[in-house]
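>>> model this:
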Amino acid sequence: MHLALNMPMELDDKVRGRELDRGNEVFQPVEKLLSSSLLSKNLKVRIYKTVIFPVVLYGCETWTLTLREEHRLRVFENKVLRKIFGAKRDEVTGEWRKLHNAELHTLYSSPDIIRNIKSRRLRWVGHVARMGESRNACRVLVGRPEEKRPLGRPRRRWEDNIKMDLREVGYEDRNWINLAQDRDRWRAYVRAAMNLWVP
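Below is the predicted model of the structure:
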């Protein structure tokens, strides 16, 4: 099967904005719980992962993310994590301060929101690549659009994100569609995408 995905499968920036809006709508009712001293940090993290996280990441397997959008998602997650872990007392000055992003990552000790998106995207595209060409999802993946691209700089395509995700975990070959047929090797790349830490 030959990959010829030229169609930009982008969601509009407003769509991801709506996902963040929905995430905020879910976050606000539980905000006091997440900052409460009566609950353990582990329980607060579980609330985040089971109540807020799925709402924000709904349909993320099909997203084409720009660096700006990745930044917005990280900012949202850091806001939630700062509520969960609270402030830190400075050892030198004795004053309370917000936790730095690296400190949040260490305390959270789970893959961040972007790692989850990349891993889910790779898992889903591997599943689609193994479908028969009679299936609509596979036809979209390997299809070639007939219309010409508009003038100007090409918009980032969904396939571009897949290739970037694979480069991050050490796969440089262009013909990744054949790699996806090997479930075990593909699963190893999906796991690597989940566990790779990028500051």
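
>>> if we look at stretch 112-130, which residues are touching it?
1, 53, 56-57, 60-63, 65, 70, 73-74, 76-77, 105, 111, 137-138, 141, 161-162, 165-166, 168, 177, 180-181, 183, 186-187, 189-191, 193-198 (Cβ atoms under 8 Å, 6 or more residues apart in numbering). In short, each C-beta sits where N, CA and C put it, glycine included.

>>> any of those residues buried? List them.
Among those, those classed as buried by 16 or more other Cβ atoms under 10 Å are 53, 56-57, 60-61, 63, 65, 70, 73, 76-77, 105, 111, 138, 141, 161-162, 165-166, 177, 180, 186, 189-190, 193-194.

>>> got any ranges where the protein has weak pLDDT?
1-16, 136, 138-147, 149-150, 152-155, 197-199 (pLDDT under 70).

>>> mind doing that once more with 90?
1-21, 23, 59-69, 87-97, 105, 109, 125-165, 167-181, 194-199 (pLDDT under 90).

>>> helix or strand: which one has the spatially most central residue of the chain?
In the chain, the centroid-proximal residue (Cα atoms, centre = their mean) is Ile117; its distance is 2.1 Å. Per DSSP states H and E, Ile117 falls inside helix 113-129.

>>> which residues of this protein fall in helices?
Assigned by DSSP state H, the helices in the chain fall at 13-35, 41-47, 53-56, 67-85, 101-108, 113-129, 136-142, 158-168, 176-179, 183-195.

>>> list the buried residues in the second one.
Burial within helix 41-47, assessed by neighbour count using 16+ other Cβ under 10 Å, is assigned to Lys44, Val45, Ile47.

>>> what does the fourth one give?
By neighbour count, and taking 16+ other Cβ under 10 Å as the criterion, the buried residues in helix 67-85 are 69-70, 72-73, 76-78, 80-85.

>>> repeat for the first one
Residues of helix 13-35 classed as buried by neighbour count (16+ other Cβ under 10 Å): Arg16, Glu19, Leu20, Gly23, Asn24, Val26, Phe27, Val30, Leu34.

>>> report the buried residues of the helix holding Ile117.
113-126, 128-129.

>>> any idea how far that helix is from the middle of the chain?
8 Å (Cα atoms, centre = their mean, to the nearest Å).

>>> against Cys60, how distant is Glu25?
According to Cβ to Cβ, to the nearest Å, Glu25 stands 18 Å off from Cys60.

>>> repeat that for Leu73.
According to Cβ to Cβ, Leu73 and Cys60 sit 9 Å apart.

>>> likewise Trp176?
Trp176 is 20 Å from Cys60, by Cβ to Cβ.

>>> and for Val92?
41 Å.

>>> hang on, the earlier thing: most widely separated two among the buried residues of helix 13-35?
Arg16 and Leu34 (22.8 Å; Cβ to Cβ).

>>> rewinding a little: farthest pair in the buried residues of helix 113-129?
Spanning the widest gap among the buried residues of helix 113-129 are Ile113 and Ala129, at 24.6 Å by Cβ to Cβ.
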